[in-house]
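need a 3D model of the sequence below.
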Amino acid sequence: MSAPAVEAGVAAVRRPLGTRLIWLGVSLIALVLLTAVSISFGSREVSLQEILAALGGSSEGFGEAAVTNRLPRTALALLVGAALALAGAALQGVMRNPLADPGLLGINMGAELAVVVGIAGFGLWTATGLVWAAVLGAGVTAIVVSVIGSLGRSGATPLKLTLAGAATSMAFASFTTAVVLPRGDIVENVRSWQIGGVGGASWDTLVPVLPFLAVGALLCLASGRALNAIALGDELARGLGQNVWAARGLASLGAVLLAGGATALAGPIGFVGLVVPHLCRLLVGVDYRWLLPFSALVGAALLTGSDVVGRIVARPDEIDVGIITAIIGAPFFIAIVRRQKVKEL
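You can find the predicted model right below:
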């Protein structure tokens, strides 16, 4: 593929390097601050000395124990936020669809249904078993939605894909309810997980999912140049030597791994993959070599911040992060539909 040709295709909407570096620095600072706040805030106040002691491995005092319990929760918020945002940015590039999002396309719901079936029908409770089920469900759903959204003379349009995703989500939600309701022994745990949250995280559940997230992230990040070519149109991308189907397949596989792994860990959290890539385009432009990693960074910050807000506004109780992201994302989704021409990116 001719790199100069792709460079020229995105030059008109590229941000200056200095601007991108400034926003990168701002985002990193915000992420560090939000991580510190997430570790510091909770039902129990902790001092800086207790935080430093806990980070050094001590868990003798109540404050140190509280910080130790918050560390995997913070890590989970960072990982899930980065995974969902990166998956959303990759899907938007693959489909050239500004409404693409693992939640809106039904991918998260497919992963949820697979996890629930695995628990109820096969007794899957291990983190490894659940993530395999979630990834399988996410992959099958992505294929089903793409096929349904491609039917008709006009092919796959953003509106048709979104409607196909919504219809699939509703159907899968009904199936999930049908599976869970007769099982009183699992209904409480499944219902709390379905809301989407990062409370109750532990290193034991995080570690088995890391390989899936790592592979998914590498596949998406490696697709940046190919997605730049696809953004110019399939015919032009082929003319530049790009294997469009292979590029879309690898990026889609990466997005499925990320969305499935994130759903297995935290439940079906919506709108992160929609909001973050659009925000990042305003900051760093449409070059996917910048947009993809920047989306991961901002997504981690957004979900961590949303978790902090959920802990603060309802103290001593807390609001699950899935509810906070829905409050943020639903108006944003409506604004995109009303103000943008949603034929393609």
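
quick check: which element contains residue 314?
Per DSSP states H and E: residue 314 is located in neither a helix nor a strand.

shaky segments in the protein?
Along the chain, segments meeting pLDDT under 70 span 1-14, 43, 47, 58-59, 337, 339-345.

report the central residue of it.
residue 84 (0.7 Å; C-alpha atoms, centre = their mean).

could you give the secondary structure assignment for it?
Under the three-state scheme (DSSP: H, G, I helix; E, B strand; the rest coil), residue 84 adopts helix.

same question for residue 97.
Following three-state DSSP, the label given to residue 97 is coil.

that one: neighbour count?
24 (other C-beta atoms under 10 Å). The C-beta positions use only the backbone N, C-alpha and C, and glycine is treated the same way.

ok, and the closest non-adjacent residue to it?
Nearest non-adjacent residue to residue 97, counting by C-beta to C-beta, 6 or more residues apart in numbering: residue 158, 4.3 Å away.

check residue 227 too.
Leaving aside its sequence neighbours, residue 227 sits nearest to residue 93 (C-beta to C-beta, 6+ apart; 3.7 Å).

any chance of the backbone angles for the one you found?
Per-residue torsions, residue 93: phi -70, psi -40 (degrees, to the nearest 10).

the one 5 residues further on too?
Backbone torsions of residue 98, given as degrees, to the nearest 10, read phi -70, psi -10.

what about it, neighbour count?
Neighbours of residue 98 under the rule other C-beta under 10 Å: 21.

over to residue 163?
Using other C-beta under 10 Å as the criterion, residue 163 is surrounded by 14 other residues.

count the neighbours of the nearest residue to it once chain neighbours are set aside for me.
Leaving aside its sequence neighbours, residue 163 sits nearest to residue 149 (C-beta to C-beta, 6+ apart; 7.7 Å). For residue 149, the count of nearby residues is 24 (other C-beta under 10 Å).

tell me which element residue 149 is part of?
Per DSSP H and E, residue 149 falls inside helix 127-150.

give me the next element, helix or strand, following that helix.
Of the helices and strands lying after helix 127-150 in sequence (DSSP H and E), the nearest is helix 158-180.

following that following helix, which helix or strand comes up?
helix 187-195.

what's in contact with that following helix?
112, 116, 119, 176, 180-181, 267-268, 320, 322-323 (C-beta atoms under 8 Å, 6 or more residues apart in numbering).
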